[in-house]
Each structure stands twice: as structure tokens, then as C-alpha cells.
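Student: What follows is a predicted structure for the sequence shown.
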Amino acid sequence: LVQPATVTWLDDVVAVQGLALEAAETGGRLALSGQILPLAGADLEFQVAELPTGDIQRMLGQPVRFEGLLWAEGVVRGTGADAILAVEFQVERGVFEGVPMERVEGRLVYFEQETQVVATALGPGGGWLQLQAQLPSVLQLGGDPVFALLDGVPLSGTLTATEFALAPFAAAVPAQLQNVQGVINAQVGLSGTAEVPVVAGTAELVGGAATVVELNQRYTGISGRADFDGRRLLITDARAQSDGWVVASGQIVLERLYNLGKHVSADELAMMESLDTGKPLKVALGDVLTCARYFEFFSGVADKQHG
């Protein structure tokens with residue numbers, strides 16, 4: 001406790017004034033002022049300075065995936081369906097799933113059933129990623145907090161990446177992919193609605209490598225280009241190497257954001273791979289199915305938010 005503070009507790013209402021805490025070992029600070037509980041009626045301002053993100057994740061009972069020092073300030077007003085949330089944040093000297101992040105900064109605002117997100121991540125070697133999104137949504141605090149996208153209302157967003165490391169994206173599927181390497185370059189836009197999204201732009205994978213846990217096999221030389229054209233994903237010269245090369249091009253129809261209609265015959269591709277490389281048909285089929293998983297994962301990068 002850095003200074004004297006006032007705590008008021010009346011029935012179920014808890015409020016604080018001038019509460020400032022400092023971590024003895026790290027010097028990180030947390031300052032709170034306003035009504036904390038009940039969450040549905042919160043009217044709170046907060047400031048955070050040099051607080052280790054690992055400590056926050058441990059306090060919330062979550063596995064530590066992102067280490068770094070957090071600075072943040074914001075306002076929370078949780079008046080039921082009219083909740084207001086405004087937070088600006090910055091993380092220095094971060095490490096996400098073993099990948100160094102020089103800086104992650106951004107702004108998150110929820111007001112009048114719209115969530116606005118602006119975030120920039122600077123990775124090692126000068127790679128960077130920027131996300132901007134306006135999402136029609138509902139946020140309710142108190143009881144069981146609720147966040148949901150609204151159907152039938154236009155949404156928008158852009159994802160831009162230059163030489164940005166793939167490893168943070170692979171953290172979404174740790175049981176399937178491990179030791180992921182490579183970078184992504186992307187310029188992708190999102191429009192339409194939550195129910196019928198439209199994706200446009202280009203994403204390119206360079207210098208990729210990963211271990212597929214299910215097959216206990218390492219794949220290297222992974223590369224490829226994907227062009228998003230409204231309802232279609234056009235894949236150009238996607239390839240990966242293990243005992244031999246798997247090379248594929250084609251089209252995937254985006255029926256829904258999470259429901260891909262695949263117009264590719266795995267058996268036919270496996271036969272072609274077997275004839276081309278001399279692999280046993282069973283091995284070639286495994287390579288083709290693994291390649292398909294890569295298509296699903298990397299084509300889904302554009303609409304994911306991690307971290």
C-alpha cells in the first residue's frame with residue numbers, strides 16, 4: 001500500500017478512493033478509484049505502471065502465455081447493457097509464446113453497442129502487425145459477463161503485417177502445431193456482417209516450419225500465398241517439405257467464416273504426390289491432409305485476435 005486509501009463497503013456496494021498498490025519485488029503499480037462492486041454498477045478509473053503481465057495472468061488463474069511490463073489506464077462503467085469501457089495500453093519487453101515483442105500498444109473502446117480496437121505489435125527484426133476493427137457488439141458486466149457480436153449489422157476491420165512472426169498465431173492450436181517458425185506479410189480487410197463476413201486482401205507465408213504433433217513430424221520450407229476475394233480464398237503455390245515436397249494450388253469457398261467448403265480431393269492429390277515422389281500412398285495422403293490443415297490455419301489468421 002503506497003498511501004492511505006478510503007474503502008467503503010455498504011451492503012453489496014464496494015468503493016475505493018486513492019487506492020495505490022506497489023509490488024515489492026518489481027515496483028509495478030496499480031491505482032484504483034471509484035465503485036468496484038457490483039460489477040454491473042461499476043464506475044471505476046484505473047492506472048497501471050510497470051506491472052508484470054505474468055502476475056496478472058496468475059492472479060486470474062490463467063496459464064502465463066505473455067510476459068512483459070504493462071502500462072495502462074482506463075475507465076469502466078458497467079451499467080448493464082449501457083456499459084462503457086475505454087482502455088489504452090502498452091506492453092514493453094514482452095515475450096509471447098517464446099517470441100520477443102519489442103512493444104505492443106493499443107486502444108480498446110466499447111460504447112453504444114460497438115467495440116473499437118486499434119492495436120500494433122512490433123516484433124523482432126523490425127516485423128510489425130497492426131489491427132483495426134469496428135465490431136457491432138453487446139457487452140454486459142455483472143453476474144456472468146457477456147460479450148457477443150451482433151448479427152445483421154455491418155462490421156469492418158483491417159489486418160496489416162510485415163515480416164511478422166507466425167509463432168504467436170500458432171499459440172491458438174498448441175496441441176496441433178509446435179516450434180512454429182516463419183513470418184507473414186498480409187494486407188487483409190474484413191467487411192460484411194458477423195453472420196456473413198466478407199474478406200478481401202492478400203497474405204503471404206515465408207520461411208515457415210512447424211512440428212505437427214499428431215504425426216510427430218517436422219515440416220520445413222513452408223511457403224505460399226493466399227488471396228482473399230470476398231467469398232473465395234485463392235491459394236497459390238503453397239508448399240511444405242518433409243521427406244519430400246507437397247505443393248498445391250487451388251480455391252476454397254468461404255461459405256461462412258468458420259465453415260469452409262473444400263473443393264479438393266485428398267485422394268487425388270495423394271496419388272499425384274505418390275507418383276511424383278515415389279512415396280507410399282499412405283505417407284502421401286498424410287502429407288496432403290497436413291497441408292490442408294496448414295491452409296485452414298493460415299487462412300484463418302486474418303480474423304483472429306491473440307494476445
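Tutor: That came in fine, so what should we check first? Numbers count the residues shown, from 1 in each chain.
Student: okay, now residue 233: neighbour count?
Tutor: Residues near residue 233, counting by other Cβ atoms under 10 Å, number 22. Just so you know, the C-beta spots here come from the backbone N, C-alpha and C atoms, and that holds for glycine as well.
Student: Got the confidence number for it?
Tutor: Listed pLDDT for residue 233 reads 80.
Student: next one: residue 230
Tutor: 75.
Student: Got the phi and psi for it?
Tutor: phi 70, psi -90 (degrees, to the nearest 10).
Student: Which residue, other than its chain neighbours, is closest to it?
Tutor: In space, and not counting its chain neighbours, residue 230 is closest to residue 198: 5.2 Å by Cβ to Cβ, 6 or more residues apart in numbering.
Student: The one you found pairs with what?
Tutor: Counting by DSSP bridges, residue 198 is bridged to residue 191.
Student: residues contacting it?
Tutor: 190, 191, 192, 230, 231 (Cβ atoms under 8 Å, 6 or more residues apart in numbering).
Student: Equivalent analysis for residue 241, please.
Tutor: Per Cβ under 8 Å, 6+ apart, neighbours of residue 241: 219, 220, 221, 222.
Student: now with 6 Å?
Tutor: By Cβ atoms under 6 Å, 6 or more residues apart in numbering, the contact set of residue 241 is 220, 221.
Student: Can you tell me who it pairs with across the strands?
Tutor: On the basis of DSSP bridges, residue 241 takes part in beta bridges with residue 220, residue 245.
Student: Then residue 88?
Tutor: Assessed by DSSP bridges, residue 88 has beta-bridge partners residue 73, residue 107.
Student: Residue 106 against residue 119, yeah?
Tutor: Yes. Using Cβ atoms under 6 Å, residue 106 is in contact with residue 119, at 3.3 Å.
Student: is the closest residue to residue 66 other than its chain neighbours in a bridge, and if so with what?
Tutor: Once flanking residues are discounted, residue 66 sits nearest to residue 96: 4.8 Å by Cβ to Cβ, 6+ apart. Counting by DSSP bridges, residue 96 is bridged to residue 66, residue 99.
Student: My read is that residue 96 contacts residue 167, right?
Tutor: No. Taking Cβ under 6 Å as the definition, residue 96 is not a contact partner of residue 167, at 7.7 Å.
Student: on that earlier part again, pLDDT at the residue nearest to residue 66, what is it?
Tutor: As predicted, residue 96 sits at a pLDDT of 78.
Student: which stretches of the stretch 51-200 of the chain form strands?
Tutor: 66-77, 84-96, 99-110, 114-122, 128-140, 146-149, 156-165, 177-192, 197-212 (DSSP state E, counting those that start in this stretch).
Student: Worst mean pLDDT among the ones you listed?
Tutor: Here the strands of the stretch 51-200 of the chain differ in mean pLDDT, and the lowest is strand 146-149 at a mean of 84.
Student: Need the residues that contact that strand.
Tutor: The contact list for strand 146-149 (Cβ under 6 Å, 6+ apart) reads 137, 138, 139, 140, 194.
Student: and the residues you listed, which two are the farthest apart?
Tutor: 140 and 194 (17.2 Å; Cβ to Cβ).
Student: residue ranges with poor pLDDT in the stretch 201-307 of the chain?
Tutor: 254-269, 271-276, 281, 292-307 (pLDDT under 70).
Student: what are the ranges of the strands in it?
Tutor: Using DSSP E, counting those that start in this stretch, strands in the stretch 201-307 of the chain cover 217-230, 232-241, 245-256, 259-262.
Student: Any chance of a markdown table for those strands, columns distance to residue 280?
Tutor: Output for those, formatted as a markdown table (distance: least, Cβ to Cβ, whole Å):
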| stretch | distance to residue 280 |
| --- | --- |
| strand 217-230 | 14 |
| strand 232-241 | 17 |
| strand 245-256 | 14 |
| strand 259-262 | 24 |
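Student: So which of the ones you listed is nearest residue 7?
Tutor: Residue 7 sits nearest to strand 245-256 of all the strands of the stretch 201-307 of the chain, at 49.1 Å, using Cβ to Cβ.
Student: Counting neighbours, which bits of that closest one end up buried?
Tutor: The neighbour-count check on strand 245-256 (16 or more other Cβ atoms under 10 Å) flags 246, 247, 248, 252, 254 as buried.
Student: between those residues, which is nearest residue 131?
Tutor: residue 254 (19.7 Å).
Student: Now the buried members of the contacts of strand 146-149.
Tutor: With burial judged by 16+ other Cβ under 10 Å, the buried subset of the contacts of strand 146-149 is 137, 139, 140, 194.
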